[in-house]
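> heads up, no residue letters with this:
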């Protein structure tokens, strides 16, 4: 059995009734596509922060996968913890707490003091028993890839979760488009092991290339069969790419460009490991904002390279790095080419700044703000000047710099005018406030009449 939470880490823990594997992942959606019959979603919510955007995504993913959810309400020991607010936010997203008469188990916990952890483990154990979560240790091993990376000293390392069967050192293994023979395995505590039964997370060495996070893996009868299957998958992948067929990870990120012209934010995304990259790309794909298309031109695992900078320069893209940095040559090239690089260690911070950047690309909304109204009481004809309106300011203020419109019987008869002059008694003034009389001359307009309303306004650009 395994549980899913937020943040990336995988480890085993012994409970009284079972030994679960707990997967702490930033992108829960990655893990809700496989082996759902052996999954419980454990959602960790901080009592001080409440339900965050990543939490909402996790809730939606768990609901879509129809897996049971247990909530650990953590940090209840903090003085600024607000449990009722957190419970209310959970209820707003369809998780009615059992404390409020709903079906969702919400366990009060504190990782600092240990409070509630026994109750949490007991709740998870009971849930596992009710679901009859079982696997066959005698079957050929299968499961899925949590993370994968290239280690300079050890080659390709894949963190996998065995969901069924038992994985053994020396067995031929197929993982997505990668294949190889299991050369060695380390458990979640870094200890070498020879075999991994169901619900065991292990770090596997021996694959010839890096699989993607979320890829299925399975043991095959011989190495040549694994090689052939991997080559067939690569061929199909190349055909799909050449035919323009959408790939599982990239094409899903290209936002639909709306008719009528759309702003476009181009990105190059680099991350430390495949799991982080998949979580990040999935979150970016959900940043849907009207009139803006977010286009990930390139994404990959590893540090930011000169090639990334050159692509960004040529395309006008921003480079986003998650737990990676540019090398010295890439950094110097970025400075020389004025390419913007933004580095992050927390996905939420990246998404927050990305949303702000996207909003900044939207054309501002042009609005009018009425600043004052004056009623024309009398009109004076002045030689070489024209019609001067004697007015009473009835609302707000009339400023010398304001734009002016003239309203007659609730109909705008003239608009977008300026004032030639504005006087209070005999003095030229910059503004006249409500309750005072004034004399004003509308530039280029002499047809003002008694009873007209002079409306002053300003044009305001409101960022979106």
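Cool, got the structure. All values derive from a computational prediction rather than experimental measurement.
> following the strand or helix carrying residue 124, which helix or strand shows up next?
In this assignment (DSSP states H and E), residue 124 forms part of helix 117-131. Per DSSP H and E, the first helix or strand lying C-terminal to helix 117-131 is strand 142-151.
> Give me the mean pLDDT for that following strand.
The average pLDDT within strand 142-151 is 85.
> Within its sheet, name the partner strands of that strand and how each one runs.
The strands beside strand 142-151 in its sheet (DSSP bridges) come out as strand 155-164 (antiparallel), strand 216-219 (antiparallel).
> Residues in contact with whichever helix or strand comes after the first one: which ones?
The helix or strand immediately downstream of strand 155-164 is strand 167-168, counting by DSSP H and E. Under the criterion CB atoms under 8 Å, 6 or more residues apart in numbering, residues 141, 143, 160, 173, 182, 185, 194-196, 200, 202, 204, 219 lie in contact with strand 167-168. Every residue, glycine included, has its C-beta placed from N, CA and C.
> how about a cut-off of 6 Å?
Strand 167-168 is contacted by residues 141, 195, 196 when judged by CB atoms under 6 Å, 6 or more residues apart in numbering.
> What distance do you get for residue 47 to residue 114?
Distance, residue 47 to residue 114, using CB to CB, to the nearest Å: 15 Å.
> higher neighbour count, these two?
Legend: neighbour count by other CB atoms under 10 Å for residue 47 and residue 114, higher for residue 47 (22 against 10).
> ok, back up a step: and the helix holding residue 124, what other elements does it pack with?
Under the contact criterion of 3 or more CB pairs under 6 Å, 6 or more residues apart in numbering; DSSP states H and E, helix 117-131 touches strand 105-108.
> again, only this time at 8 Å
Under the contact criterion of 3 or more CB pairs under 8 Å, 6 or more residues apart in numbering; DSSP states H and E, helix 117-131 touches strand 39-46, strand 69-74, strand 105-108.
> Quick one: closest of the ones you listed to residue 342.
Ranking the helices and strands packed on helix 117-131 by proximity to residue 342 (CB to CB) places strand 39-46 first, at 25.5 Å.
> Just checking: what are the partner strands of the closest one?
Here strand 39-46 has these sheet partners by DSSP bridges: strand 2-5 (parallel), strand 69-74 (parallel).
> re earlier: could you dump the contacts of strand 167-168 to TSV with neighbour count?
Formatted as TSV, the contacts of strand 167-168 follow (neighbours: other CB atoms under 10 Å):
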residue	neighbour count
141	24
195	16
196	25
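> Could you measure from the spatially most central residue of the chain over to residue 404?
Centroid check for the chain by CA atoms, centre = their mean gives residue 283 as the closest residue, at 3.9 Å. Residue 283 sits 49 Å away from residue 404 when distances are taken as CB to CB.
> now swap in residue 334 and tell me
50 Å.
> What residues of the one helix or strand residue 336 maps to count as buried?
Using DSSP H and E, residue 336 sits in helix 328-337. Neighbour counts over helix 328-337 (16 or more other CB atoms under 10 Å) mark 330, 333, 334 as buried.
> mind giving me JSON lines with the residues you listed and columns for distance to residue 77?
Formatted as JSON lines, these follow (distance: CB to CB, whole Å):
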{"residue": "330", "distance to residue 77": "44"}
{"residue": "333", "distance to residue 77": "49"}
{"residue": "334", "distance to residue 77": "44"}
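> in its sheet, what does the longest strand seen in the chain sit against?
Longest among the strand segments of the chain by residue count, using DSSP state E, is strand 365-382. According to DSSP bridges, strand 365-382 forms sheet pairs with strand 386-399 (antiparallel), strand 453-462 (antiparallel).
> In the last one, which residues are buried?
Translated: strand 453-462. Per 16+ other CB under 10 Å, strand 453-462 contains these buried residues: 453, 454, 455, 456, 457.
> Can you measure across stretch 442-458, start residue to end residue?
16 Å (CA to CA, to the nearest Å).
> Residues touching that stretch, excluding its own?
For stretch 442-458, contacts defined as CB under 8 Å, 6+ apart pick out 368-379, 386-387, 389, 391, 396-399, 402-408, 413-414, 417-420, 440.
> Give me the distance between the residue located most distally from the centre of the chain and residue 390.
Distance from the C-alpha centroid of the chain, by CA atoms, centre = their mean, peaks at residue 383 (66.5 Å). Residue 383 is 17 Å from residue 390, where distance means CB to CB.
> for residue 307, same thing?
Note on residue 307: its distance to residue 390, by CB to CB, is 73 Å.
> quick one, which of those two is more surrounded?
Between residue 307 and residue 390, counting by other CB under 10 Å, residue 390 is the more crowded of the two (16 against 13).
> Bridge partners for that one, pull those for me.
residue 378, residue 439.
> Pop the domain breakdown of this structure in here.
The record's domain parsing of the chain by automatic domain parsing lists 2-131, 142-242, 251-361, 366-462.
> related to what we said a few turns ago, reformat the helices and strands packed on helix 117-131 as CSV; add mean neighbour count and mean pLDDT.
Shown next, in CSV, are these (neighbours: other CB atoms under 10 Å; pLDDT from 0 to 100):
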stretch, mean neighbour count, mean pLDDT
strand 39-46, 22, 82
strand 69-74, 24, 89
strand 105-108, 22, 92
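> So what's the residue count around residue 384?
Other residues near residue 384 come to 4 when the count uses other CB under 10 Å.
> Could I get the pLDDT score of it?
85.
> who's in contact with it?
Neighbouring residues of residue 384 by CB under 8 Å, 6+ apart: there are none.
> Can you tell me how far it is from residue 183?
Residue 384 sits at a distance of 99 Å from residue 183 (criterion: CB to CB).
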